[in-house]
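take a look and give me a structure for this.
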Amino acid sequence: MAHKLNADCMALIFPYLSGNDLVSISLVNRSFLAGVVPTLYRTLVFTSKHASQYKKMMSAFATVLNHPHLAVHVRHIVNLDIRAAPQADQKISGGVHSDFLRESTTTLPLCVNLVSFTCTPSIFPYYLPLLEERGHLESLRTRADLDATQAEQLTSIKGLRDICLDSATWNVIHVFPQWAKSIASTLRSLTFYNLQELNMAVLEPVIKQLPDLTGLHIIQCMEIDHSMVLQLAKYASNLRSLAFTCWTPPILEAEPPTLAYLVHLNHLAVQILPSSYFTLEPHVPLFKSAAPLSSISLLIVNKQGRLEEDLSIKDIIRPHASTLTHLMLNRPIDMSDLKKIASRCKSLYRLTTVIPRDNVSAFARALYRSQSLQIVQDLGDLSSPSGTRANKTKKIDPNLSKANVQTILDKATSVSKVITPDRVWTVCIGRLLTRMQIYSEFDGRDLKGSILSTIIHGSYQKNARTTVQIIGSSRLTDTCR
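Numbering: from 1, shown residues only. The predicted structure is shown next:
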């Protein structure tokens, strides 16, 4: 029957499969090989793991260069992701490896239909001249530490729908209003992360000329607090995704902030940076004022002081219980609150939080009340800036064991997938499979990028084509799910 599948059917099926599955399919016959190649080369990824093994294994860039006939499939690239660059000498922190730069910069012009480009290391200037010629480019995320000439060159990139700038210099901030004006007709999502020189004098004119903006994320910009972001959001009434940093508790303000005017808002992400004893109570009115949300993300960065044991998460969730599909909190959730969330949030599909290592059974029992929850994501010790060191001192495994995952899947009967910092555990035909991530947003060397993705998207992003099944499976003791 396999030989009867035509190319159109294979093109619809193969994108749902992961890396090793695609490789296995390519060995079936020649027609399957021809059908799977476009999916295999749709995304080119280079991470810190690839960088550590550079020269020991062939990169995706080198593969395309060595096999030019594959370049025709590169037009389906969704994301060109360069999250790490190999050093010229791995033993010392030197310049970027010249062979890597040659391979990547030579490959980029072949990607004539490039849609998305992400470059988090400080090597973006090498690719900047090549991006000007990418007429189909829609999404750009980069570390924008550019000089004045490079910043002017950046403004020549047109047609973008999604811009994410990390640690941009004043040169980029200064020219951004001019750039935003030139792409106002297409730009729909704007993200600024850790722009220390960004101020209202620059940002307000930008937002005013982007009335069709649907995503606004201003995170860890020292001179822009949450009240300023909420003020700017009034100029973009069609916002569906909003993220900002709270530097001070909203309760201290004379006029409490409100989100009532954002009637289309679906996702709200708040990064909170408390400096002393902390409670979520001052933030509750802000969430109550919002329209029913489908996604809520709370990232609490507590470098000093201590957290209140009961974070009153139930008071934040209550107004959105009927519509909430995803909840993210980078702290353990109180068990009584967790039970209420599981029973009241009838549409909750994904929960991202810190699973308590010493009480996994109680955590799983609390989730038993949910009939809709399918994905549980554990943030592990990466949610705490000092978590890794603390765990090493206490000799605590930062990852959930197979037995822990089995407990969750046995007791929380609706859950079919558990995502941990290093693995994705999936229930399939009565067997518990483990999938090891090749491209992991949880890579500690890109933790800032992981947090950024969490705040913006409400969950750590993972591409299904970047996982590979590894050995190991055990039959579930209960029913097949």
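
what's the end-to-end length of stretch 99-118?
Stretch 99-118 has an end-to-end distance of 20 Å (CA to CA, to the nearest Å).

hmm, which helix or strand of the chain has the shakiest average pLDDT?
Here the helix or strand of the chain ranked lowest by mean pLDDT, DSSP states H and E is strand 467-475, holding a mean of 26.

distance check, D358 against K339.
For D358, the distance to K339 equals 18 Å [CB to CB, to the nearest Å]. Glycine gets a C-beta too; all of them are placed from N, C-alpha and C.

repeat for N6
Counting by CB to CB, the gap from N6 to K339 is 50 Å.

hang on, the earlier thing: looking at D358 and K339, which is more packed in?
Neighbours around D358 and K339, counted as other CB atoms under 10 Å, are more numerous at K339. The numbers are 19 against 8.

how about stretch 366-376: buried residues?
A366, L367, Y368, R369, S370, L373, Q374, I375, V376 (16 or more other CB atoms under 10 Å).

now swap in stretch 151-162 and tell me
Per 16+ other CB under 10 Å, stretch 151-162 contains these buried residues: A151, E152, Q153, L154, T155, I157, L160, R161, D162.

in helices, which of those residues fall?
A151, E152, Q153, L154 (DSSP state H).

and the buried residues of stretch 366-376, which is closest to V354?
Comparing the buried residues of stretch 366-376 against V354 with CB to CB places V376 closest, at 11.3 Å.

wait, a strand at the closest one?
Yes - read with DSSP: H, G, I helix; E, B strand; the rest coil, V376 is one of the residues of a strand.

wait, it touches V415, no?
Yes - contact criterion CB atoms under 8 Å: V376 and V415 qualify, at 5.5 Å.

okay, and the common contacts of the two?
The contact sets of V376 and V415 overlap at L367, I408 (CB atoms under 8 Å, 6 or more residues apart in numbering).

by residue count, tell me the biggest helix in this structure.
helix 170-182.

please compute how far that helix lies from its chain's middle.
25 Å (CA atoms, centre = their mean, to the nearest Å).

buried residues in it?
Those would be N171, V172, I173, V175, F176, P177, W179, A180, S182, for helix 170-182 by 16+ other CB under 10 Å.

and what of stretch 236-246?
Buried residues in stretch 236-246 (16+ other CB under 10 Å): A236, L239, R240, S241, L242, A243, F244, T245, C246.

can you put those in a markdown table and add pLDDT and secondary structure?
Shown next, in a markdown table, are these (pLDDT from 0 to 100; DSSP: H, G, I helix; E, B strand; the rest coil):
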| residue | pLDDT | secondary structure |
| --- | --- | --- |
| A236 | 92 | coil |
| L239 | 94 | coil |
| R240 | 94 | coil |
| S241 | 94 | strand |
| L242 | 94 | strand |
| A243 | 94 | strand |
| F244 | 92 | strand |
| T245 | 90 | strand |
| C246 | 85 | strand |
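
can you report phi and psi for the nearest residue to L137 once chain neighbours are set aside?
Spatially, and ignoring its direct neighbours in sequence, L137 is nearest to L114 (5.6 Å; CB to CB, 6 or more residues apart in numbering). With angles defined as degrees, to the nearest 10, L114 sits at phi -60, psi 130.

okay, now L114: neighbour count?
Neighbours around L114, by other CB under 10 Å: 25.

now swap in S52 and tell me
Neighbour tally, S52, other CB under 10 Å: 13.

please report how far the spatially closest residue to I300 that is not a sequence neighbour lies from T248.
Of all residues not flanking I300 in the chain, I272 sits nearest, at 4.9 Å (CB to CB, 6+ apart). According to CB to CB, I272 and T248 sit 10 Å apart.

before we move on, what about Q87?
In terms of CB to CB, Q87 sits 41 Å off from T248.

same check on A260?
21 Å.

which one's more surrounded, Q87 and T248?
Q87 (17 against 14).

which pLDDT value goes with that one?
Note on Q87: pLDDT of 71.

thinking it is in contact with H97, fair?
Yes - if you go by CB under 8 Å, Q87 and H97 touch, sitting 6.5 Å apart.
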